[in-house]
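1. Predicted structure and sequence below. I'll ask about it afterward.
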Amino acid sequence: MRNGRAEWAPDTLRRVLAERRLADLATVIGVEPAGSLELGGKLLIEPDGAVVGTLGEPDLDRLVIADAPEVLADRKSRVKVYELQQGERVLRARVFHESLEPQPQLLVVGAGHIAVPLAHFGKMLGFEVVVVDDREKYASRERFPDADTVIAADFGETLRDFPITPATYVVIITRAHTYDEESLRILLHQPWAYLGMIGSRRRVQTVLRTMVGEGYDRERLDQIRAPIGLDVGAETPEEIALAIVSEVVAARRGGTGQSLSKMQRPIAA
């Protein structure tokens, strides 16, 4: 049952993972005084507030649910101690907040020269890699042996049916701004984790002006990473792919993209 407390069901966890949803899985791992609360009680909290299970104490459930947004935002597991006043005694419960994050997915829209090393880098970094292009000559298994899925089909048709989730990192590297615009019209309303678009500043401005003129939300458009990638002085397809995947990793892990030597330079002897 969603949006309510129910007995814990392992099927719920399997469904959350299968659907690539984020969640905070809270488990009681310690309690004082002993026996005042059952160990192993579980509570699953999702970003939309959906709750399944119980830790065995309604007040504890409420405190844990209140902390879930921070866990979900940071995507870092942690142990927290909660204290509850029960009459004349204090109940102390140690709860493990396990941040459940599905395997990240790299959706590459466009199968040109940059897409080949990008798919390779993405797979090396643990992403499920999906490549889409409307040209069979480009979207082939021979060109993308590292990709999990290669789709040779119309961009719009494919993206309309593609399950975008908060674990999807989208890279638009098509051959023309018309395909960029077609892709953005479909993707802008989706819950992606990252959306980047390649192109010169002029091309990017052309696309964004078109989208603004069509009434798309400016704040949402501002979330597009365009021109895409970190500034590493890239020139070759491999270097450009490296700049792109570096920005994707920074977005996923909360990095700044700044040089560590300028942030953490040790004091000279």
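-> Structure's in. What do you need?
2. Thr256 in helix, strand or coil?
-> Three-state assignment for Thr256 (DSSP: H, G, I helix; E, B strand; the rest coil): coil.
3. What's the local residue count around the residue nearest to it when sequence neighbours are not counted?
-> Nearest non-adjacent residue to Thr256, counting by Cβ to Cβ, 6 or more residues apart in numbering: Ala250, 7.0 Å away. (Each C-beta comes from the backbone N, C-alpha and C, glycine too.) When counting by other Cβ atoms under 10 Å, one arrives at 16 neighbours for Ala250.
4. for the one 4 residues further on, same thing?
-> Counted with other Cβ under 10 Å, the burial measure for Gly254 works out to 10 neighbours.
5. could you measure Ile240 against Arg160, distance?
-> Ile240 sits 28 Å away from Arg160, going by Cβ to Cβ, to the nearest Å.
6. higher neighbour count, those two?
-> Ile240 (20 against 11).
7. residues in contact with the closest residue to that one other than its chain neighbours?
-> Nearest non-adjacent residue to Ile240, counting by Cβ to Cβ, 6+ apart: Ala234, 4.5 Å away. Ala234 sits next to Ile240, Leu242, Ala243 when contact means Cβ atoms under 8 Å, 6 or more residues apart in numbering.
8. and what of Glu181?
-> Neighbours of Glu181 in contact, by Cβ under 8 Å, 6+ apart: Val207, Thr210, Met211.
9. Separate out the buried members of those.
-> Val207, Thr210, Met211 (16 or more other Cβ atoms under 10 Å).
10. Relative to Ser99, which of these is nearest.
-> Of all those, Met211 has the smallest distance to Ser99: 33.7 Å, by Cβ to Cβ.
11. sorry, back to before: from Ile173, how far out is the residue nearest to Ile240?
-> In terms of Cβ to Cβ, Ala234 sits 13 Å off from Ile173.
12. Could you list every helix and strand that the lowest-mean-pLDDT helix or strand in the chain packs against?
-> Scoring the helices and strands of the chain by mean pLDDT, DSSP states H and E places helix 260-264 at the bottom, with a mean of 76. Packed against helix 260-264, as judged by 3 or more Cβ pairs under 8 Å, 6 or more residues apart in numbering; DSSP states H and E, are no other helices or strands.
13. on that earlier part again, can you tell me which of the buried ones among the contacts of Glu181 are in helices?
-> Among the buried ones among the contacts of Glu181, DSSP state H puts Val207, Thr210, Met211 in helices.
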